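> have a look at this fold, sequence not included:
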């Protein structure tokens, strides 16, 4: 296995024509602009390498990605933004984040996500960047934004209904429920179910299977079947950002974020 490049908080290694990008922010792998930018840069660099034919996106630790860290000021300033005191800063920061997220959908080579744990909120959005997802019974998939008094982001309002259909997507959006790995596979949210300690190896095996096909044909087919996807995600994130911006000013959002940080049930009042 050959190490490729140097990127903040991720490692990239190439073996058997498959590149494995590993997020290294355990245990929960919360993301920010820096992390998404690093993954997008790695995708772009690997697109230019003919010796790489498929990608695996994996993570160290307990979670695949638990979304944005609401305790981290660089990710979301919960006190200022929720109080409406830092509206322009939130829009600028989140706008940069979503620009980087859209870059992930513009890559040319197939991506298999190895989801060994929770993929929550924006972490679910990151998992849906992949063409395929390998997971395990212990994994949990959740679009928990409504439990935060917040609006989905990362293009999920497009990618989730497109993948599992509007009814199941609406159920996930409205309830914020956590979908376990076996149910995720049954719903089409994930593709392969294996034991937790086999998730990465199985994702790499699937990527190697893809890499055994003619690379130009695979890229051409992928471009056709995903035609316009990045533009649709861009349109979705534009709408999502506007909705997030006003919802963050509500008392419910402040309560939802606080309750999550305190690990308790929120008491929403509809204001």
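The structure has been received and is ready for your questions. Just so we're clear, the structure is a prediction, and the values are computed from it rather than from any experiment.

> after the helix or strand of the chain with the lowest mean pLDDT, which helix or strand is next?
When each helix and strand of the chain is scored by mean pLDDT, DSSP states H and E, helix 78-82 comes last, with a mean of 38. Following helix 78-82 in sequence order, the next helix or strand is helix 87-105 (DSSP states H and E).

> counting by contacts, list what that following helix packs against.
Packing partners of helix 87-105 (3 or more C-beta pairs under 8 Å, 6 or more residues apart in numbering; DSSP states H and E): helix 33-47, helix 78-82, helix 122-127, helix 229-247. (C-beta placed from N, C-alpha, C; glycine too.)

> what about 7 Å?
helix 33-47, helix 229-247 (3 or more C-beta pairs under 7 Å, 6 or more residues apart in numbering; DSSP states H and E).

> okay, buried residues for the shortest one please.
I take that to be helix 33-47. Neighbour counts over helix 33-47 (16 or more other C-beta atoms under 10 Å) mark 33, 35, 36, 37, 38, 39, 40, 41, 42, 43, 46 as buried.

> if I look at residue 139, how far off is residue 193?
9 Å (C-beta to C-beta, to the nearest Å).

> out of those two, which sits in the busier spot?
residue 139 (27 against 20; other C-beta atoms under 10 Å).

> now the helices for this protein?
33-47, 78-82, 87-105, 122-127, 156-164, 166-175, 181-187, 199-211, 215-225, 229-247, 251-261 (DSSP state H).

> CSV for the ones you listed, including distance to residue 148?
CSV is the format used below for the helices of the chain (distance: least, C-beta to C-beta, whole Å):
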stretch, distance to residue 148
helix 33-47, 19
helix 78-82, 10
helix 87-105, 14
helix 122-127, 11
helix 156-164, 13
helix 166-175, 12
helix 181-187, 21
helix 199-211, 27
helix 215-225, 33
helix 229-247, 9
helix 251-261, 4
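
> single out the most deeply packed of those helices.
helix 122-127 (a mean of 28; mean count of other C-beta atoms under 10 Å).

> lowest mean pLDDT across the helices of the chain, which one is that?
Among those, helix 78-82 has the lowest mean pLDDT, at a mean of 38.

> what comes up buried for stretch 56-73?
Counting neighbours by 16+ other C-beta under 10 Å, stretch 56-73 gives 56-61, 63-70 as buried.

> what is the nearest of these to residue 189?
residue 64 (12.8 Å; C-beta to C-beta).

> hang on, the closest one packs against residue 119?
Yes - using C-beta atoms under 7 Å, residue 64 is in contact with residue 119, at 4.7 Å.

> so what sits against both of these two?
By the contact definition C-beta atoms under 7 Å, 6 or more residues apart in numbering, residue 64 and residue 119 are jointly contacted by residue 127.

> and the closest residue to residue 223 other than its chain neighbours, how far is that from residue 49?
Distances taken as C-beta to C-beta, 6 or more residues apart in numbering place residue 108 nearest to residue 223, at 7.4 Å, with adjacent residues excluded. Taking C-beta to C-beta as the measure, residue 108 falls 11 Å from residue 49.

> so what pLDDT did residue 86 get?
On the pLDDT scale, residue 86 is placed at 58.

> which neighbours do residue 139 and residue 193 share?
The contact lists of residue 139 and residue 193 share residue 181, where a contact means C-beta under 7 Å, 6+ apart.

> show me what contacts residue 164?
Per C-beta under 7 Å, 6+ apart, neighbours of residue 164: 187, 188, 189.

> ok, back up a step: quick check, nearest of the buried residues of helix 33-47 to residue 234?
Closest to residue 234, out of all of these and judged by C-beta to C-beta, is residue 40, at 13.7 Å.

> against residue 47, how distant is that closest one?
From residue 40 to residue 47 the distance is 11 Å (C-beta to C-beta).
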